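Trainee: 3D, please:
(chains A and B)
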2 protein chains.
Amino acid sequence: MTTQQLTSEIRKKNSFLCIGLDVDLDKIPKHLLELEDPIFEFNKAIIQATHHLCVAYKPNTAFYEAYGLKGWKALQKTIEYLNDNYPEIFTIADAKRGDIGNTSTMYAKAFFEDLAFDSVTVAPYMGKDSIEPFLAFNNKHTIMLALTSNTGAFDFQTQKIDDKALYKHVLETSKQWENSERLMYVVGATKAEYFTDIRKIVPHSFLLVPGVGAQGGNLQDVCKYGMNDQVGLLINSSRGIIYASNDKDFASEAASKALQLQQEMEAVLLTLS
Amino acid sequence: MTTQQLTSEIRKKNSFLCIGLDVDLDKIPKHLLELEDPIFEFNKAIIQATHHLCVAYKPNTAFYEAYGLKGWKALQKTIEYLNDNYPEIFTIADAKRGDIGNTSTMYAKAFFEDLAFDSVTVAPYMGKDSIEPFLAFNNKHTIMLALTSNTGAFDFQTQKIDDKALYKHVLETSKQWENSERLMYVVGATKAEYFTDIRKIVPHSFLLVPGVGAQGGNLQDVCKYGMNDQVGLLINSSRGIIYASNDKDFASEAASKALQLQQEMEAVLLTLS
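Mentor: So this is what the prediction gives:
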């Protein structure tokens, strides 16, 4: 999928919502546990109830790997279900991978070819030759961690190198890499005031913004400082939507929460148009 | 496994060799491709031929994920085979994971509980609350990237914060985390001269050292600057050993290469005792 297609989907749905599919068997409705593949059934129900309200889904691979082979199978079924039924939706493997060159190529193949995701998240610590192998894939997107929404972000990301925070170095340096136009960035919503500076460095890139809702970020602030003229934002909500209820009404309750966010987003988009 | 058990195994075998099981179907002997699970059969043959020469095996998860479900299954069979037959061997899931707290816990469960590895590699970019969930597991080890062996290491890791390289900040900061005694560190062999400084910060920790062989690092230099009185080193070789031959003699050729490294290590250990 191209970023133009993603933007057009955002305009069509008046939504830049990404729903995080972080499925924890301890948190999903009990009645699903009797089914053969509870993780996939949960995802399918959530997707069916919310696909018209969002433009992206983001399964976090940790939640699938934790269940071993059956987890990986559920991840595979989920992405196949999405690609078969909702090809207009942008898919993100939230995997935070990154390794030396030939190994990163293997990760890229895993997520772009075998699983056929549109994008994958990566960690920048190992630098250029750990990320460029992902960027080599045409019509795929690599979403690099810049400034994350957790407290540990202050351990290294905001530390200053030559009077400039590490995450800004990461942003600036990455712009020089081959096929850098295929980069997007993770920027946590809990630090809305940082978006102004970030937009000076990457005015045109899409930013994937976790931390709205459960982690305390504010949608209006993120839009105020982070939006560009192509919208350029994907706001993720995981637990706030998918665990809105843990009873039989979980899918419709998830849809209500998604609708609420979509309407907030629509209001923001209307003030801009 | 405790570090004492690992050290005792090193003394017993006169080896601190770790063999990287990075199985690429394009590189393994053609006759294996006819078998039902070529990746596992390759690993099993390599392990049978080399287990007496090394103290650790390190499958890199990228090479398994690239083959989807059958890859993950091969990884599962490999670790089960190791735990069933060679429980004295230290196992490393080279996964370079890291995410916000609850998600890191899921990754830790994936590698420490579901797959039952002794250790997993992690990336430090997201800081304390992305690593401590791994450290909470008793008798398990978390091997954090400090200074890697690729050229991209110079993009961020060696950049200076208050006149001190980022990788040194990573080392120092991590020592303050809960259960930090369960940390080990990845330090690339291509930069042997850095080991002196690293040992000043983490004198007692085990260091996992990739980059000997294929990536050009020198064993003697690494030992000279990196060894402590408990040895404290695991030297990894992947391609140099497992792809020594791509014919029917691949396992015995791998054993020859492993023996060569083991003998070099034995010579170093003798000069110390």
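
Trainee: roughly how far apart are residue A:267 and residue A:261?
Mentor: Per Cβ to Cβ, to the nearest Å, residue A:267 is found 11 Å from residue A:261. Backbone N, C-alpha and C define where each C-beta goes, glycine included.

Trainee: In terms of packing, which of the two has more residues around it?
Mentor: A count of neighbours by other Cβ atoms under 10 Å in any protein chain shown puts residue A:261 above the other of residue A:267 and residue A:261, at 22 against 13.

Trainee: distance of the closest residue in space to that one that isn't next to it in sequence from residue A:206?
Mentor: Closest residue to residue A:261 apart from its sequence neighbours, by Cβ to Cβ, 6 or more residues apart in numbering or on different chains: residue A:17 at 5.3 Å. To residue A:206, residue A:17 is 14 Å away according to Cβ to Cβ.

Trainee: any shared contact partners between these two?
Mentor: Listed as contacting both residue A:17 and residue A:206 by Cβ atoms under 8 Å, 6 or more residues apart in numbering or on different chains are residue A:234.

Trainee: number of nearby residues for the closest residue to chain B within the stretch 151-273 of chain A?
Mentor: Per Cβ to the nearest Cβ, residue A:152 is where the stretch 151-273 of chain A lies closest to chain B, at 2.5 Å. Look at residue A:152: counted by other Cβ under 10 Å, it has 24 neighbours.

Trainee: tell me the contacts of it?
Mentor: Neighbours of residue A:152 in contact, by Cβ under 8 Å, 6+ apart: B:126-131.

Trainee: Okay, now the unreliable bits of the stretch 101-250 of chain A?
Mentor: A:213-217 (pLDDT under 70).

Trainee: What parts of it come near chain B?
Mentor: A:101, A:103-104, A:106-107, A:109-111, A:114-115, A:123-131, A:145, A:148-157, A:159-162, A:166, A:169-170, A:173 (Cβ under 8 Å from any Cβ of the partner chain).

Trainee: Please flag which of those sit within helices.
Mentor: A:101, A:103-104, A:106-107, A:128-131, A:153-156, A:166, A:169-170, A:173 (DSSP state H).

Trainee: need the longest helix for chain A.
Mentor: Chain A, longest helix under DSSP H: helix A:250-272.

Trainee: Which strands or helices does that one pack on?
Mentor: The contact analysis (3 or more Cβ pairs under 8 Å, 6 or more residues apart in numbering or on different chains; DSSP states H and E) places helix A:250-272 against strand A:17-21, helix A:38-50, helix A:219-226, strand A:233-237, helix A:239-242.

Trainee: Take these and write them to TSV, including mean neighbour count.
Mentor: Shown next, in TSV, are the helices and strands packed on helix A:250-272 (neighbours: other Cβ atoms under 10 Å in any protein chain shown):
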stretch	mean neighbour count
strand A:17-21	26
helix A:38-50	21
helix A:219-226	18
strand A:233-237	27
helix A:239-242	22
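
Trainee: Turn the ones you listed into CSV, columns for distance to residue A:211.
Mentor: Output for the helices and strands packed on helix A:250-272, formatted as CSV (distance: least, Cβ to Cβ, whole Å):
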stretch, distance to residue A:211
strand A:17-21, 11
helix A:38-50, 19
helix A:219-226, 9
strand A:233-237, 8
helix A:239-242, 11
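
Trainee: Out of the ones you listed, the one nearest residue A:58 is which?
Mentor: strand A:17-21 (4.8 Å; Cβ to Cβ).

Trainee: Over the closest one, what's the mean pLDDT, rounded is fine.
Mentor: Average pLDDT, strand A:17-21: 98.

Trainee: Weed out the non-buried ones from the ones in helices among the residues of the stretch 101-250 of chain A next to chain B.
Mentor: A:101, A:103-104, A:106-107, A:128-131, A:153, A:155-156, A:166, A:169-170, A:173 (16 or more other Cβ atoms under 10 Å in any protein chain shown).

Trainee: List just the nearest of these to residue B:7.
Mentor: Nearest member of those to residue B:7, counting by Cβ to Cβ, is residue A:103, at 28.5 Å.

Trainee: Nearest spatial neighbour of that closest one, chain-adjacent residues omitted?
Mentor: In this structure, residue A:103 finds its nearest non-sequential neighbour in residue B:62, 4.6 Å apart by Cβ to Cβ, 6+ apart.

Trainee: Test my guess that that neighbour contacts residue A:98.
Mentor: No: Residue B:62 lies out of contact with residue A:98 (Cβ atoms under 8 Å); the separation is 9.8 Å.

Trainee: and the strand or helix carrying residue A:142, how far from the chain's centre?
Mentor: Applying DSSP states H and E as the criterion places residue A:142 in strand A:141-147. Strand A:141-147 sits 9 Å away from the centroid of its parent chain (Cα atoms, centre = their mean, to the nearest Å).

Trainee: Same check on stretch A:200-217?
Mentor: 10 Å.

Trainee: Kindly format the C-alpha coordinates of that stretch as PDB.
Mentor: Only the C-alpha atoms of stretch A:200-217 are listed here, as PDB (Å, rounded to 0.1, in the frame of the first residue of the first chain):
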ATOM      1  CA  LYS A 200      10.500  20.300  12.000                       C
ATOM      2  CA  ILE A 201      12.700  17.300  11.300                       C
ATOM      3  CA  VAL A 202      10.100  15.000   9.500                       C
ATOM      4  CA  PRO A 203       7.400  17.300   8.200                       C
ATOM      5  CA  HIS A 204       6.000  14.800   5.700                       C
ATOM      6  CA  SER A 205       6.300  11.400   7.400                       C
ATOM      7  CA  PHE A 206       3.500   9.400   8.900                       C
ATOM      8  CA  LEU A 207       3.800   9.100  12.700                       C
ATOM      9  CA  LEU A 208       2.400   6.100  14.500                       C
ATOM     10  CA  VAL A 209       1.200   7.400  17.900                       C
ATOM     11  CA  PRO A 210       0.600   4.900  20.700                       C
ATOM     12  CA  GLY A 211      -0.300   6.000  24.200                       C
ATOM     13  CA  VAL A 212      -3.700   7.600  23.600                       C
ATOM     14  CA  GLY A 213      -6.100   6.300  26.200                       C
ATOM     15  CA  ALA A 214      -4.700   3.700  28.500                       C
ATOM     16  CA  GLN A 215      -1.300   5.400  28.600                       C
ATOM     17  CA  GLY A 216      -2.800   8.900  29.200                       C
ATOM     18  CA  GLY A 217      -2.100  10.700  25.900                       C
END
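
Trainee: quick one on the thing from earlier: residues contacting the longest helix of chain A, please?
Mentor: A:11, A:13-17, A:19, A:28-29, A:42, A:45-46, A:48-50, A:53-54, A:212, A:219-220, A:223, A:227, A:231, A:235, A:237, A:240-245.

Trainee: buried set for it?
Mentor: So for helix A:250-272, counting by 16+ other Cβ under 10 Å, buried means A:250-251, A:253-259, A:261-262, A:264-265, A:268-269.

Trainee: Just give the strands next to the strand holding residue A:142 in its sheet, each with its orientation.
Mentor: Strand pairing for strand A:141-147, determined by DSSP bridges: strand A:119-122 (parallel), strand A:183-187 (parallel).

Trainee: With mean neighbour count added, can I get these in JSON lines?
Mentor: Formatted as JSON lines, these follow (neighbours: other Cβ under 10 Å):
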{"stretch": "strand A:119-122", "mean neighbour count": "27"}
{"stretch": "strand A:183-187", "mean neighbour count": "24"}
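
Trainee: got these as TSV, with distance to residue B:72 columns?
Mentor: Compiled in TSV, the strands paired with strand A:141-147 are given as follows (distance: least, Cβ to Cβ, whole Å):
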stretch	distance to residue B:72
strand A:119-122	17
strand A:183-187	25
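
Trainee: Between those strands, which one is closest to residue B:139.
Mentor: strand A:119-122 (30.5 Å).
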